[in-house]
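[1] here's my sequence, what's the structure:
(4 chains)
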Number of protein chains: 2
Amino acid sequence: MVKMADVAREAGVSVMTVSNVLNERIPVGEPTRARVMAAVEALGYEVNLTARNLRAGRTDTVALVVPSFHDYFGELADEVAPLIEAGGRHLVLERTSANAEQEMEALSVARLQIYDGVLLSIAGLDLELLGRVRTTKPIVLLGERDVPDHFNHVRLANESGARLATAHMIEHGARRILALGCAFDAAHVMATDRRVGWERAHHAAGLEVDPALVVPVGDYTSLSAYETMREVIARGTAFDGVFAVTDIVALGALSALVESGLRVPVDVQLAGFDNLDMSRFIPPGITSVDANHKGVAEAAVGLLQRQMEGRAGPAEHLVEPVRLVVRGSTRGGA
Amino acid sequence: MVKMADVAREAGVSVMTVSNVLNERIPVGEPTRARVMAAVEALGYEVNLTARNLRAGRTDTVALVVPSFHDYFGELADEVAPLIEAGGRHLVLERTSANAEQEMEALSVARLQIYDGVLLSIAGLDLELLGRVRTTKPIVLLGERDVPDHFNHVRLANESGARLATAHMIEHGARRILALGCAFDAAHVMATDRRVGWERAHHAAGLEVDPALVVPVGDYTSLSAYETMREVIARGTAFDGVFAVTDIVALGALSALVESGLRVPVDVQLAGFDNLDMSRFIPPGITSVDANHKGVAEAAVGLLQRQMEGRAGPAEHLVEPVRLVVRGSTRGGA
DNA sequence: CAGAGGAATTTTATCGATATACTCGGCGCT
DNA sequence: AGCGCCGAGTATATCGATAAAATTCCTCTG
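    Prediction:
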């Protein structure tokens, strides 16, 4: 691989002059400049970024670390990328497989040092593990789990979003709304927060909640949701609405409902969470809580850039507002 | 940031000994080892990967460069990741926005040097531009465009997939099948190859093709597809089948069909390409050509690893076979 | 007991680029 | 003429880790 010294020799100048020409730092005489540029062209030289990174202590690269490259995270990443690029940096994605061990590794000082900053979407890490991480690198956590106070953190208004969706279905006549994929345990904070929203909507409407309507979905895939929904139907459970914890889950549920001959929204109303691109187009259109990718991306990148620019301030914990997008899968959307 | 020298001082040994302990290279006496490890713990030392990379000339990292993080690419990336990790390397994703300039930048010598290998999913680059790239770094190109011979390349059997889907609809009675998102121009190789498959299926069945049924879709989003489909319907074009160039396009089309009161598959049969995770669950289930993510991922990673391990051989151009997955959106699937 | 052999550890050189300090020739000003 | 200053370019040190060579200190052998 051709290096700066080769260019210098070719042009008959010192290495430092080549560097100065290429980085336009110190003024260089025009004839020298031309000779250097000619040598660069001739040899096809390009800077070795690893060496530059070592010397500069910067990489101009930010990592977005996500559990998987799918769906929600893919859409979020596409929002984050332009914002990072606008700041003159590169964005790369890394993946953790929602595995606590791999998330810890991503947070190891070693990996962090490669990047100027990290946006970490936590899924498997709990408070205790996160508390152990010690680093001065800029980090912003994304996601619905609780995190130690000293981290900057952006999350969604889960409870309020779930409340909106549920209230909307109640308003249009639903009385027995499944909370599909929701949960009661601390290990699934997001699913639990959304369940709370589902409950509060009932209370606000003066209705009782039936805990039996909270049905967990193993791994939050459409397939699991489909299977779970089939079981619920087979069991003969009475329900006239489904609040699905994500759109992916809603899709699985929809499939099962249609297959069982239940009409959406006539027999059963259905609402999801995330408002994925596809949700608008899946007949009859899935009513969904918009996860506000743009807002989340902007907030997170803002916090990160604040740190990278050195004007840090105390850690913030932002909760991004969400809104309900009504479509044909609920009665208000027809 | 604490460095190796700090650990060495703390443990009262030389830097090299610390390195030897951590990398288990040269045997180190047990008492020394223990002291070094203690110092590492005490100071919370972690290796500076940038420095190691510079010295070693390797990064143990592979980049998958894609046009966007969405949909097809997200699913492909999730297949590639475990394969790369099994080889003891990290996978990172970078994004080009399907922009030729950014794709070239990804191929610049500078960026290549950061990675031990690159999987580049080309969308914007043409033969001419690619021909200019000179590098000895391991690269495998993915995607449906033509590429210079000296690159390793993995693509799908586009023409054959399109033929399968179209033939299937013909077999079940379709006679006027839209080729939605297909094309005639060299700039859209994938869309053109798939159009050819659509044509051949007609010929094989002894049917004429009507070029007016080839309807391009601007940017291959569901939204464009939806709008295009609405126009086609409004125009009063007669058709009883839709072969959509991707599942994303199929979804947009489905939405428009349903909205216009056309029944799928009774009035119109519909088939897509890619077999995304969601396609199975979107009622009535979208018949689709499986893009064989797994096969593509394995082939591409195989070629890349062969290069990274130095046992190169001549460049290969693999065409991964595809198969049709029949679901409710075509008459064979009911 | 001298010298070979070997394990443990240290010294030195290097990866490639760049910040900093320094040299050198020329020019203006008094 | 002499001083200082300036632009142009160079020499040196450094970022942090590691491969390779050199050293130290034993132990074992004839």
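
[2] quick check: A:T237 vs A:R176, distance?
    Applying C-beta to C-beta, to the nearest Å, one obtains 8 Å for the distance of A:T237 from A:R176. For glycine as for every other residue, the C-beta is placed from the backbone atoms N, C-alpha and C.

[3] same question, A:G261
    Separation of A:G261 from A:R176 (C-beta to C-beta): 18 Å.

[4] who has more neighbours out of the two?
    When neighbours are counted by other C-beta atoms under 10 Å in any protein chain shown, A:G261 and A:R176 differ, and A:R176 comes out ahead with 16 against 8.

[5] now the element after the helix or strand of chain A with the lowest mean pLDDT, going C-ward?
    Lowest by mean pLDDT, DSSP states H and E among the helices and strands of chain A is helix A:100-107, with a mean of 62. On the C-terminal side of helix A:100-107, the closest following helix or strand by DSSP states H and E is helix A:109-114.

[6] touching DNA strand D at all, that next one?
    No: using C-beta under 7 Å from any atom of the strand, helix A:109-114 never reaches DNA strand D; the gap is at least 8.6 Å.

[7] helices or strands next to that helix in the packing?
    With contacts defined as 3 or more C-beta pairs under 8 Å, 6 or more residues apart in numbering or on different chains; DSSP states H and E, the packing partners of helix A:109-114 are strand A:61-66, helix B:49-56.

[8] tell me the contacts of the closest residue to A:H70 other than its chain neighbours?
    Across the structure, with C-beta to C-beta, 6 or more residues apart in numbering or on different chains as the measure, the residue nearest A:H70 apart from its sequence neighbours is B:G74 (4.9 Å). Residues in contact with B:G74, defined by C-beta atoms under 8 Å, 6 or more residues apart in numbering or on different chains, are A:S68, A:F69, A:H70, A:D71, A:F73, A:G74.

[9] what of A:G88?
    A:D60.

[10] what pLDDT does it get?
    Residue-level confidence at A:G88 comes out at 90, pLDDT.

[11] that one and DNA strand C, how far apart?
    Plainly put, A:G88 is 15 Å away from DNA strand C if you go by C-beta to the nearest atom of the strand, to the nearest Å.

[12] check which helix or strand covers that residue.
    Secondary-structure element containing A:G88, defined by DSSP H and E: none, the residue being outside all helices and strands.

[13] I'd like to know how far it sits from B:V322.
    To B:V322, A:G88 is 41 Å away according to C-beta to C-beta.

[14] buried deepest among the helices and strands packed on helix A:109-114, which one?
    Per-residue neighbour counts averaged over each of the helices and strands packed on helix A:109-114 give the maximum for strand A:61-66, namely a mean of 26 (mean count of other C-beta atoms under 10 Å in any protein chain shown).

[15] that one pairs with which strands, and in what direction?
    Partner strands for strand A:61-66, per DSSP bridges, with pairing direction: strand A:90-95 (parallel), strand A:117-121 (parallel).

[16] CA atoms only for the last one - export them in PDB, please.
    This file holds the C-alpha atoms of strand A:117-121, laid out as PDB (Å, rounded to 0.1, in the frame of the first residue of the first chain):
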ATOM      1  CA  GLY A 117     -19.600   8.600  20.100                       C
ATOM      2  CA  VAL A 118     -22.100   5.700  20.500                       C
ATOM      3  CA  LEU A 119     -25.800   5.500  20.300                       C
ATOM      4  CA  LEU A 120     -26.800   2.400  22.100                       C
ATOM      5  CA  SER A 121     -30.200   0.900  21.800                       C
END
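
[17] one step back: name the helix or strand for the residue nearest to A:H70, please.
    Secondary structure here is read from DSSP H and E; on that basis B:G74 sits in helix B:71-86.

[18] show me the helices in chain A, by range?
    With DSSP state H as the criterion, chain A has helices at A:4-11, A:15-23, A:30-43, A:49-56, A:71-86, A:100-107, A:109-114, A:127-132, A:158-171, A:189-204, A:222-234, A:247-259, A:293-308.

[19] burial measure for the closest residue to A:V66 other than its chain neighbours, as a count.
    Taking C-beta to C-beta, 6+ apart as the measure, A:V66 lies nearest to A:F73, with 4.1 Å between them; neighbours along the chain are not counted. Residue crowding around A:F73 was assessed by other C-beta under 10 Å; the count is 23.

[20] do the same with A:P211
    Neighbours of A:P211 (other C-beta under 10 Å): 9.

[21] same check, this time on A:Q307
    A:Q307: 20 neighbours (other C-beta under 10 Å).

[22] setting aside sequence neighbours, what's the nearest residue to it?
    With C-beta to C-beta, 6+ apart as the criterion, A:Q307 has its nearest non-adjacent residue at 3.5 Å, and that residue is A:P138.

[23] quick one on the thing from earlier: right, and the strands paired with strand A:61-66 - which one's nearest A:A8?
    When these are compared for distance to A:A8 using C-beta to C-beta, the nearest one is strand A:90-95, at 27.9 Å.

[24] so what touches the closest one?
    Outside of strand A:90-95, the residues that reach it under the criterion C-beta under 8 Å, 6+ apart are A:60-69, A:77, A:80-81, A:84-85, A:106, A:115, B:63, B:69, B:77-78, B:81, B:90-95.

[25] give me the buried entries from the residues you listed.
    Buried by 16 or more other C-beta atoms under 10 Å in any protein chain shown: A:60-69, A:77, A:80-81, A:84, A:106, A:115, B:63, B:69, B:77-78, B:81, B:90-95, out of the contacts of strand A:90-95.

[26] for chain A, what lies in contact range of DNA strand C?
    With the criterion set to C-beta under 7 Å from any atom of the strand, chain A comes near DNA strand C through A:1, A:3-5, A:15-16, A:19, A:22-23, A:25-26, A:45, A:47-48, A:51-52, A:54-56.

[27] can you do 10 Å?
    Within chain A, the positions lying close to DNA strand C (C-beta under 10 Å from any atom of the strand) are A:1-8, A:14-23, A:25-26, A:45-58.

[28] ok, of the residues you listed, which come out buried?
    A:2, A:4, A:6-8, A:17-22, A:45-54.

[29] contacts with chain B among those, please.
    By C-beta under 8 Å from any C-beta of the partner chain, the members of those lying near chain B are A:E46, A:V47, A:N48, A:L49, A:T50, A:A51, A:N53, A:L54.

[30] check those against DNA strand D, which are close?
    Near DNA strand D, taking C-beta under 10 Å from any atom of the strand as the test, the members of these found are A:T50, A:A51, A:N53, A:L54.

[31] which stretches of chain A have low pLDDT?
    By pLDDT under 70, the low-scoring segments of chain A are A:98-107, A:109, A:124-128, A:134, A:333-334.

[32] can I see the domain layout of it?
    Here the domain assignment for chain A is A:4-47, A:61-156+A:293-322, A:158-291, based on automatic domain parsing.

[33] and those domains, which is most packed in?
    domain A:158-291 (a mean of 21).

[34] wait, A:I114 touches A:V62, no?
    No: taking contacts as C-beta atoms under 8 Å, A:I114 lies outside contact range of A:V62: 10.5 Å.

[35] run through the residues of chain A sitting next to DNA strand D.
    Neighbours of DNA strand D within chain A, by C-beta under 10 Å from any atom of the strand: A:8, A:11-21, A:25-36, A:50-57, A:109-110, A:113.

[36] still on that earlier bit, ok, the residue nearest to A:Q307 - contacts?
    By C-beta under 8 Å, 6+ apart, the residues touching A:P138 are A:D116, A:G117, A:V118, A:L304, A:Q307, A:M308.

[37] of the residues you listed, which is the nearest to B:R134?
    Nearest to B:R134 out of the contacts of A:P138 is A:D116 (C-beta to C-beta; 30.0 Å).

[38] that closest one against A:T59, yeah?
    Yes: the pair A:D116 / A:T59 is scored as a contact, 5.8 Å apart, by C-beta under 8 Å.

[39] residue contacts, the residue nearest to A:E10 when sequence neighbours are not counted?
    Ranked by C-beta to C-beta, 6+ apart and with sequence neighbours excluded, the top spatial neighbour of A:E10 is A:A39, at 4.0 Å. In this structure, A:A39 makes contact with A:V7, A:A8, A:E10, A:A11, A:V18, A:Y45, judged by C-beta under 8 Å, 6+ apart.
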